[in-house]
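Novice: okay, predicted coordinates and the sequence, questions at the end:
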Amino acid sequence: MKLDGGRQCHSTGVCLKEIIGLEGVELGADGKTVSYTQFLFPTNALGTRRNTIDSTSSFSQFRNASHRSLSLARANSTQGSIDAGSDLGDFVEYDPNLLDDPQWPCGKHKRVLIFPSYMTTVIDYVKPSDLKKDMNETFKEKFPHIKLTLSKIRSLKREMRKLAQEECGFEEPTVAMAFVYFEKLALKGKLNKQNRKLCAGACVLLAAKIGSDLRKHEVKHLIDKLEEKFRLNRRELIAFEFPVLVALEFALHLPEHEVMPHYRRLVQNS
């Protein structure tokens with residue numbers, strides 16, 4: 001279907017231009033066939049131990065190693081379709097502590113005093129509004145390819161946690177997985193002002209499906225809450241789920257070292 005101005009839309013009502021707002025995500029527009037086999041791995045990759053608890057950790061290590069080699073191999077083929085900033089995110093290994101680092105709000109207002117036997121830090125008093133501004137400016141200087149401010153990313157994560165835990169009853173591991181998905185999209189430069197809530201909603205939905213044994217009515221309840229909380233159209237949310245899955249390279253089963261830091265913070269703050 002085509003709208004005025006040549007914009008192409010899916011039958012769900014979501015404009016193709018909006019979906020491709022996730023830079024580097026190819027969905028096969030105009031009848032083009034796109035293969036995602038580079039994101040897939042053989043089910044027998046770990047031999048006979050793949051169904052054990054230990055094999056889950058081994059599979060994560062195997063997948064991460066393979067992911068790095070595949071990313072390097074795909075560098076030339078994807079460079080034309082992804083922004084320069086997005087390329088930066090693809091080659092930086094994900095750090096689950098990066099966006100929650102307590103040092104971010106301190107910025108230039110922190111002074112470290114080193115003495116012969118100990119070291120101490122002095123943080124000057126600053127108005128919250130100035131501190132927030134300085135934090136976002138520092139974050140932008142370090143990550144120019146990320147289109148959202150750090151304060152906005154953290155605000156969206158708080159909304160995701162409140163919805164998932166308080167309104168839908170999901171446990172901390174599911175929320176932690178949603179955080180990892182969302183932060184990976186942010187660090188790859190996939191988020192922007194237009195798609196941020198769709199991405200947040202899709203991350204919660206994917207994490208709930210992977211981390212919980214949901215029934216049909218529970219999925220419907222979650223989508224209803226996402227639609228209400230983030231003010232989304234449910235058809236747009238469902239249509240956005242697959243582009244987010246592609247942007248995450250189908251890597252929904254996460255290694256423990258990526259999830260546990262988020263889990264610990266959620267437990268400490270609950």
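Specialist: Thanks, I have it.
Novice: what about residue 188, distance to residue 240?
Specialist: Separation of residue 188 from residue 240 (CB to CB, to the nearest Å) stands at 16 Å. In this view, the C-beta of every residue, glycine as well, is placed from N, C-alpha and C.
Novice: no, scratch that, I was asking about residue 147
Specialist: Taking CB to CB, one finds residue 147 at 17 Å from residue 240.
Novice: which one of the two has more residues nearby?
Specialist: Set residue 147 next to residue 240 and count neighbours by other CB atoms under 10 Å: residue 240 wins out with 25 against 22.
Novice: quick one: the closest residue to that one other than its chain neighbours from residue 231, how far?
Specialist: The shortest distance from residue 240 to any non-neighbouring residue, by CB to CB, 6 or more residues apart in numbering, is to residue 198 (4.4 Å). Counting by CB to CB, the separation of residue 198 from residue 231 is 11 Å.
Novice: equivalent analysis for residue 254, please.
Specialist: 28 Å.
Novice: which one of these two has more residues nearby?
Specialist: Taking other CB under 10 Å, residue 254 and residue 231 do not tie; residue 254 has more neighbours (24 against 8).
Novice: and the pLDDT at the residue lying closest to the more buried one once chain neighbours are set aside?
Specialist: Using CB to CB, 6+ apart and skipping the chain neighbours, the partner closest in space to residue 254 is residue 180 (5.6 Å). On pLDDT, residue 180 comes in at 97.
Novice: from what I see, residue 180 and residue 96 are in contact.
Specialist: Yes. Residue 180 is within contact range of residue 96, at 6.6 Å (criterion: CB atoms under 8 Å).
Novice: helices or strands up against the strand or helix carrying residue 235?
Specialist: Assessed by DSSP states H and E, residue 235 sits inside helix 234-247. Judged by 3 or more CB pairs under 8 Å, 6 or more residues apart in numbering; DSSP states H and E, helix 234-247 is in contact with helix 16-19, helix 172-187, helix 196-211, helix 216-229.
Novice: of all those helices, which one is nearest residue 25?
Specialist: Of all those, it is helix 16-19 that lies closest to residue 25, at 7.6 Å by CB to CB.
Novice: so for that closest one, what's the average pLDDT?
Specialist: 49.
Novice: low-confidence ranges, this structure, go.
Specialist: Applying pLDDT under 70 to the chain picks out residues 1-24, 26-33, 41-92, 103-110.
Novice: just the strands from it, written as ranges.
Specialist: Under the criterion DSSP state E, the chain contains strands at 110-114, 119-123.
Novice: can you say which of those is nearest to residue 38?
Specialist: strand 110-114 (43.2 Å).
Novice: helices and strands around the closest one, which ones?
Specialist: strand 119-123.
Novice: just the angle for the strand it packs on relative to strand 110-114, thanks.
Specialist: Orientation check (axes from the mean of the first three to the mean of the last three CA atoms, to 10 degrees): strand 119-123 against strand 110-114 gives 160 degrees.
Novice: can you list contacts of stretch 171-181?
Specialist: By CB atoms under 8 Å, 6 or more residues apart in numbering, the residues outside stretch 171-181 that reach it are 94, 96, 157, 160-161, 164-165, 203-204, 206-208, 210-212, 244, 248, 252, 254, 258-260, 262-263, 266-267, 270.
Novice: select only the buried ones of those residues in ChimeraX?
Specialist: Selection of the buried residues among these in ChimeraX, burial being defined by 16 or more other CB atoms under 10 Å:
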select :94,96,157,160,161,164,165,203,204,206,207,208,211,212,244,248,254,258,259,262,263,266
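Novice: rewinding a little: need the helices and strands packed on helix 234-247 in TSV (columns: distance to residue 141).
Specialist: Shown next, in TSV, are those (distance: least, CB to CB, whole Å):
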stretch	distance to residue 141
helix 16-19	29
helix 172-187	15
helix 196-211	21
helix 216-229	32
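Novice: my guess is residue 145 contacts residue 191. True?
Specialist: No. The criterion here is CB under 8 Å, and residue 145 misses it with residue 191 at 10.7 Å.
Novice: ok, these two, which is more surrounded?
Specialist: A count of neighbours by other CB under 10 Å puts residue 191 above the other of residue 145 and residue 191, at 27 against 17.
Novice: what's the local residue count around residue 192?
Specialist: 14.
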